[in-house]
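Asks: here is a sequence with its predicted model. Questions after.
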Amino acid sequence: MKNILAIQSHVVFGHAGNSAAEFPMRRMGANVWPLNTVQFSNHTQYGHWTGTVMPAEHLSDIVKGIANIDRLKTCDAVLSGYLGSAEQGEQILQIVRQVKAANPDAWYFCDPVMGHPEKGCIVAPGVAEFHCKAALPASDIIAPNLLELEMLSGGSVANVEEAVTASRKLIAQGPKIVLVKHLARAGRRSDRFEMLLVTAQEAWHISRPLVDFGVRQPVGVGDLTSGLLLVNLLKGEALKPALEHITAAVYEVMLKTHEMGEYELQLVAAQDLLVQPQHHFAAERL
Ligand SMILES: Nc1ncnc2c1ncn2[C@@H]1O[C@H](COP(=O)(O)OP(=O)(O)O)[C@@H](O)[C@H]1O
Ligand SMILES: Cc1ncc(COP(=O)(O)O)c(C=O)c1O
Ligand SMILES: [Mg+2]
């Protein structure tokens, strides 16, 4: 079994951060150690929420406890996502160093959640800068959406070719794998949801149909996508089948959510489809 220390948000109602990724990662066969950066009532795209941002030291305190029972060496990957403060970022990098000292084969998978004010994804000040300056060079795998890719690479990205070039710019600074989770306006077609998986040698493009949710798009899709990719790669899947699986798995969740007329991702209802999707989308090598 692979063990993932998952450091991101927790929402009590609904699905975002660990509340979107923890169950699917377990359902895919990985052990998850959820370490929550915040505990909120609900995700921020409702416009208001209650709850607490964990003090930055809380993160290292918990990891110290795991080190004290000598289990840190069994950690195969650190996954980070939505942070409650920029100070938490510094603690996470310290934790990554500590995990890698205990297990030199462990990976750091960074989902650089930077916020999206127009969509209502609210992130604390300094978090975007933390991802650009500190998390990017420390990561082994990074999974930006289009806006995050532009912020990380320091330039605009208008099409697939530019997205590959921007991803390789990131690779030159640290990570070995870049997942562009949503090509959005830089994609080939506006009626499809497209992603890219890029390494120094390879680039894969994939697309799935858009499900019509109107203006109320489900949240937590990125967190689900990142978690599923990490599990696939930890299981030793090659890039192409890993990308194909996560594309179909997330599509099944979107379809189920739409079919049930819900706003929150229907992860429990779609759990079997998530592991064995009925749809298949073929990735194309660029
Ligand atoms: N098949 C699909 N049909 C319609 N919308 C989708 C589909 N897959 C993902 N989405 C939506 O696309 C958006 C992706 O958000 P974006 O900010 O680009 O990435 P991330 O979730 O990583 O932050 C989300 O609003 C999500 O609900
Ligand atoms: C608490 C929380 N965590 C995580 C996210 C990230 O969600 P997504 O996967 O859609 O980027 C959000 C987005 O609003 C959020 O409010
Ligand atoms: Mg995101």
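Replies: Arrived safely, thanks for sending. Ligands and ions are numbered 1, 2, ... in the order given.
Asks: any idea how far residue 35 is from residue 181?
Replies: In this structure, residue 35 lies at 22 Å from residue 181, with C-beta to C-beta, to the nearest Å as the measure. (Glycine included, C-beta is placed from N, CA and C.)
Asks: specify which residue of those two has the higher count of neighbours.
Replies: For residue 35 and residue 181, the more surrounded residue by other C-beta atoms under 10 Å is residue 181, and the numbers stand at 27 against 22.
Asks: distance of that one from residue 224?
Replies: Applying C-beta to C-beta to residue 181 and residue 224 gives a distance of 10 Å.
Asks: try residue 211
Replies: Residue 211 sits 14 Å away from residue 224, going by C-beta to C-beta.
Asks: neighbour count winner among these two?
Replies: Counted by other C-beta under 10 Å, residue 211 and residue 224 do not tie: residue 224 has more neighbours, with 26 against 16.
Asks: get me the contact residues on the protein for ligand 3.
Replies: Counting by C-beta under 5 Å from the ion, the positions of the chain adjacent to ligand 3 are 113, 222.
Asks: all strands of the chain, in order?
Replies: Using DSSP state E, the strands found in the chain span residues 3-11, 31-40, 51-53, 77-80, 107-110, 141-142, 177-180, 192-198, 203-209, 284-285.
Asks: could you dump those to CSV with mean pLDDT and distance to residue 254?
Replies: Listed next are the strands of the chain as CSV, based on pLDDT from 0 to 100; distance: least, C-beta to C-beta, whole Å:
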stretch, mean pLDDT, distance to residue 254
strand 3-11, 98, 19
strand 31-40, 98, 22
strand 51-53, 97, 27
strand 77-80, 98, 22
strand 107-110, 98, 22
strand 141-142, 98, 23
strand 177-180, 98, 17
strand 192-198, 98, 8
strand 203-209, 98, 8
strand 284-285, 98, 21
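Asks: closest to residue 251 out of the ones you listed?
Replies: Comparing the strands of the chain by their distance to residue 251 (C-beta to C-beta), the top pick is strand 203-209, with 4.6 Å.
Asks: strands paired with that closest one, and their directions?
Replies: Strands that pair with strand 203-209, judged by DSSP bridges, come out as strand 192-198 (antiparallel), strand 284-285 (antiparallel).
Asks: tell me which stretches of this protein form helices.
Replies: Across the chain, reading from the start of the chain, the helices by DSSP state H fall at 18-27, 56-68, 86-102, 127-130, 136-138, 146-153, 160-171, 221-234, 239-259, 271-275.
Asks: so which of those helices gets nearest residue 46?
Replies: Comparing these against residue 46 with C-beta to C-beta, the closest turns out to be helix 18-27 (13.7 Å).
Asks: compute the inter-axis angle for that closest one and helix 239-259.
Replies: For helix 18-27 against helix 239-259, the angle between stretch directions is 120 degrees (axes from the mean of the first three to the mean of the last three C-alpha atoms, to 10 degrees).
Asks: so which elements touch helix 18-27?
Replies: Counting contacts by 3 or more C-beta pairs under 8 Å, 6 or more residues apart in numbering; DSSP states H and E, the secondary-structure elements packed against helix 18-27 are strand 3-11, strand 31-40, helix 221-234, helix 271-275.
Asks: by how many degrees do it and strand 3-11 diverge?
Replies: Inter-element angle recorded for helix 18-27 and strand 3-11: 150 degrees (by the same axes, to 10 degrees).
Asks: mean pLDDT added to the helices of the chain, as TSV?
Replies: Formatted as TSV, those follow (pLDDT from 0 to 100):
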stretch	mean pLDDT
helix 18-27	98
helix 56-68	98
helix 86-102	97
helix 127-130	94
helix 136-138	98
helix 146-153	96
helix 160-171	98
helix 221-234	98
helix 239-259	98
helix 271-275	98
